[in-house]
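> Okay, sequence plus prediction incoming.
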Amino acid sequence: MRIGIAADHGGYVLKEEVARLLRGKGHEVEDFGAFQLEPTDDYPDFVIPLARAIAGGQIERGVAICGSGVGASVAANKVAGVRAGLIHDPKSGSWISYGPERRLDFQRLVVAQPGLNRSGV
């Protein structure tokens, strides 16, 4: 599957971990940034291009990671044709399903870095 990933400074470290994990599972990962840890960057600079790539069909799914996840969710959902859901743990993530049993059929996960239980990643 072709998956896009994006994060601002609040999610940069986790973005790198998730990208490695996805590649290790055989997915093609397109990185929309940030490409370095820069404390002054802001999530819309990375989230909006990712959401547009989903809406335009260039990628199938996306993962955005920021400090709280709220702003990235709002920004992504402003792009027509995109449905983004905020998750904090495996239980909330289980509602975002891509298989034949689709529940909410989100195209995009938005993850909050602080406090995320990495055992569920």
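Arrived safely.

> Could you report the distance from Ala64 to Gln58?
Per Cβ to Cβ, to the nearest Å, Ala64 is found 15 Å from Gln58. The way it works is simple: take the backbone N, C-alpha and C, and place the C-beta from them, glycine included.

> Ala51 too?
On the measure of Cβ to Cβ, Ala51 and Gln58 end up 11 Å apart.

> For those two, work out which one has more neighbours and name it.
In terms of neighbours (other Cβ atoms under 10 Å), Ala51 is the more surrounded of Ala51 and Gln58; the figures are 28 against 12.

> helix/strand/coil for the more buried one?
helix (DSSP: H, G, I helix; E, B strand; the rest coil).

> Just give me the neighbour total for the closest residue to it other than its chain neighbours.
The shortest distance from Ala51 to any non-neighbouring residue, by Cβ to Cβ, 6 or more residues apart in numbering, is to Val79 (3.8 Å). Neighbour count for Val79, taken as other Cβ under 10 Å: 20.

> What residues does Val79 make contact with?
Ile48, Ala51, Arg52, Ile54, Ala55 (Cβ atoms under 8 Å, 6 or more residues apart in numbering).

> and the fourth one, what element?
Pointing back at Ile54 there. In this structure, Ile54 sits in helix 44-55 according to DSSP states H and E.

> The helix or strand that contains Ala6 relative to helix 44-55, how many degrees between them?
Using DSSP H and E, the element containing Ala6 is strand 2-7. Relative orientation of strand 2-7 versus helix 44-55 (axes from the mean of the first three to the mean of the last three Cα atoms, to 10 degrees): 160 degrees.
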